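> can you look at this prediction? I've put the sequence above it.
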Amino acid sequence: MNNINTYMMATMAAVFWGANFNLARPVVAEMGPYIAGASRYILAAIIMVLITQIKRESTPLRYWRKYLALGIVGVFGFNLFFFLGMQTTSAINGALIMALNPLLTAILGYLILQERLSTRQIIAFPIGIIGVAIVVLGAGAHLKISIGDTYILVANLSWALYNVLVRKIMPKDVSGVANTAGIMTVGAIALSFVALSQGDRLIVTTLSTAIALMIMTIGGSILAYLFWNASITKLGPSKAAIFMNLVPVTSMIIAAIESHPPNHAQILGAILVISAITFSSISNSK
């Protein structure tokens with residue numbers, strides 16, 4: 001039963017993140033990338049702090065350095081480049097680029113945690129890279145990567161580093177709720193500082209944008225982070241990797257419902273990336 005719960009949490013986290021790519025476009029278009037990121041995590045941090053108070057827990061200040069590192073990398077770094085990227089790239093492109101994250105996590109796990117790379121991971125990595133290259137280059141004659149895709153690639157690297165750091169430095173004697181509250185608070189402060197430095201101001205959004213922002217906050221931030229942190233702690237970065245396949249699949253389904261089906265390059269890239277992740281993860285889940 002514990003394994004089933006863990007698998008369900010990893011699945012839901014991936015589904016929420018897949019939906020984030022579709023929800024982010026209208027939010028960024030109306031609010032701008034800096035204020036969108038700050039608003040999302042100010043709300044998320046407030047909710048998480050309230051939950052810790054209700055549960056009569058607290059985020060221990062003695063771990064502030066760890067929360068600072070995790071918050072800057074996993075919340076600030078990822079979301080800053082995520083929202084910048086979603087200004088110009090498509091939801092499907094963004095999700096497919098992020099789908100390469102498990103293999104990037106494995107590489108960083110090898111470099112930072114000295115976790116041995118399997119033969120399957122070594123074989124799968126270039127296949128995944130080729131898949132992403134086809135997506136971002138459009139399978140055409142031009143060899144040009146858009147600035148939006150570049151930002152998403154940087155966000156992807158930030159999230160891969162976060163996955164590894166969670167395993168390495170996340171406090172083990174603190175609940176997942178309290179840890180997540182600390183991480184999100186740091187991220188919210190950093191994102192707010194950038195938004196203020198850019199001169200952005202909080203604006204009154206339309207109802208549809210406000211709903212999208214709240215879904216991203218509650219589902220794609222609070223629940224996804226809680227579920228993923230718990231899953232990666234129990235499964236490890238490599239075993240949890242296969243669930244990231246659901247990120248581009250979810251985004252593609254939502255885009256198709258919205259009358260934006262994937263093009264041939266995106267379909268080919270998706271097949272290569274998802275196949276690479278699945279192939280690399282099988283040996284790690286036995």
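Arrived safely. Since we're looking at a predicted model, the values are computed, not measured.

> so for the longest helix anywhere in the chain, mean pLDDT?
Longest helix in the chain, counting residues (DSSP state H): helix 2-31. Computed over helix 2-31, the mean pLDDT rounds to 87.

> flag every buried residue along that helix.
6-7, 9-10, 12-28, 30-31 (16 or more other Cβ atoms under 10 Å). Using the backbone N, CA and C atoms, a C-beta is placed for each residue, glycine as well.

> quick one: whichever helix or strand comes after that helix to helix 2-31, angle?
Per DSSP states H and E, the first helix or strand lying C-terminal to helix 2-31 is helix 33-54. Between helix 33-54 and helix 2-31, the angle comes out at 140 degrees (axes from the mean of the first three to the mean of the last three Cα atoms, to 10 degrees).

> and helix 33-54, what does it pack onto?
Helix 33-54 sits against helix 2-31, helix 78-85, helix 176-197, helix 207-217, with contacts defined as 3 or more Cβ pairs under 8 Å, 6 or more residues apart in numbering; DSSP states H and E.

> what sits up against the shortest one?
Same thing as helix 78-85. Applying Cβ atoms under 8 Å, 6 or more residues apart in numbering, the set of residues contacting helix 78-85 from outside is 24, 28, 33-34, 36-37, 40-41, 94, 148-152, 154-155, 158-159, 162, 187, 191, 194.

> give me that answer again for 6 Å
Residues outside helix 78-85 that contact it (Cβ atoms under 6 Å, 6 or more residues apart in numbering) are Val28, Pro33, Ala36, Gly37, Gly148, Tyr151, Ile152, Val154, Ala155, Ser158, Trp159.

> what average pLDDT does it get?
In this model, helix 78-85 carries a mean pLDDT of 92.

> how about that helix as CSV, C-alpha atoms only?
Taking C-alpha atoms only, helix 78-85 is exported to CSV below (Å, rounded to 0.1, in the frame of the first residue of the first chain):
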residue,chain,number,x,y,z
PHE,A,78,13.3,27.1,-11.9
ASN,A,79,10.3,29.4,-11.9
LEU,A,80,12.1,32.5,-13.0
PHE,A,81,13.3,30.8,-16.2
PHE,A,82,10.1,28.8,-16.5
PHE,A,83,7.9,31.9,-16.7
LEU,A,84,10.5,33.7,-18.9
GLY,A,85,10.4,30.8,-21.3
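
> so that helix versus helix 2-31, what angle?
Relative orientation of helix 78-85 versus helix 2-31 (the same axes, to 10 degrees): 50 degrees.

> any idea of the angle the next helix or strand after helix 78-85 forms with helix 78-85?
Using DSSP H and E, the helix or strand that follows helix 78-85 in sequence is helix 91-98. For helix 91-98 against helix 78-85, the angle by the same axes, to 10 degrees is 140 degrees.

> report the buried residues of helix 91-98.
Ala91, Ile92, Asn93, Gly94, Ala95, Leu96, Ile97, Met98.
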